[in-house]
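A.B. asks: Have a look at this prediction, sequence included:
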Amino acid sequence: MTETIYYSQMETEDGDVFLAATTQALCYVSPQNEGMQELKSWLERHYPEAQLVKDKEKLSFYETQLQEFLDGAREEFALPVELIGTDFQKAVWTELRNIPFGEIHTYSQIAERIGNPKAVRAVGSAIGANPLLFVVPCHRVVRKNGEMGGFRGGLPMKEKLLKLEGHG
């Protein structure tokens with residue numbers, strides 16, 4: 001049986017975000033203004049047989065929490081997520097979810113916490129592949145020297161998110 005992936009397009013003040021979910025959990029949140037093609041490319045890699053169905057109602061629970069976070073009214077997400085990636089990526093993403101609102105960590109700290117202190121560059125790559133922007137808070141990771149480093153949603157968005165959490 002073909003799995004169904006539901007999606008919606010959410011308007012934010014910084015541009016549209018695409019969300020996707022299985023029947024069980026949120027599995028994808030795009031950067032703003034990336035468009036539908038990024039979602040389709042991600043789905044082709046991770047759910048090649050899935051049927052994609054637009055259903056704003058099914059995703060309203062996720063949209064509400066994401067909007068509350070972006071508005072500064074929510075510090076933690078209380079929603080099920082499905083992390084699709086390698087074991088290493090999942091370890092990094094799980095560790096990112098352990099970073100409390102308002103705190104920042106370095107790539108080195110994340111590598112140490114997952115038990116692989118020499119894997120700093122691999123941690124950066126895993127962070128860059130994060131399929132759940134905002135929900136898996138990769139914006140809370142900076143370079144050892146305090147510089148922001150990269151962000152799939154763009155450095156202006158990373159800066160805005162860090163300000164939202166009390167930095168800068």
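C.D. replies: Looks like it came in fine. Numbering: from 1, shown residues only.
A.B. asks: Give me the buried positions along stretch 4-20.
C.D. replies: Within stretch 4-20, the residues scored as buried using 16 or more other C-beta atoms under 10 Å are 5, 6, 7, 8, 9, 10, 12, 15, 17, 18, 19, 20. C-beta coordinates here come from the backbone N, C-alpha and C atoms, glycine included.
A.B. asks: Just give me the longest strand of the chain.
C.D. replies: strand 4-12 (DSSP state E).
A.B. asks: Would you state the helices of the protein in chain order?
C.D. replies: All helices of the chain, identified by DSSP state H, fall at 36-46, 56-70, 87-97, 107-113, 120-128, 155-164.
A.B. asks: List the buried residues for the third one?
C.D. replies: Read that as helix 87-97. So for helix 87-97, counting by 16+ other C-beta under 10 Å, buried means 89, 91, 92, 93, 95, 96.
A.B. asks: Correct me if wrong: the last one contacts residue 110.
C.D. replies: Yes - distance between residue 96 and residue 110: 7.1 Å, which falls inside the contact criterion (C-beta atoms under 8 Å).
A.B. asks: Now the common contact residues for these two.
C.D. replies: Listed contacts common to residue 96 and residue 110 are 127, 141; contacts here mean C-beta atoms under 8 Å, 6 or more residues apart in numbering.
A.B. asks: Sheet partners, orientation included, of the longest strand of the chain?
C.D. replies: The pairing partners recorded for strand 4-12 under DSSP bridges are strand 15-21 (antiparallel), strand 51-54 (parallel).
A.B. asks: which residues touch it?
C.D. replies: 16-23, 27-28, 32, 36, 39, 43, 47, 50-56, 58-60, 63, 66-67, 70.
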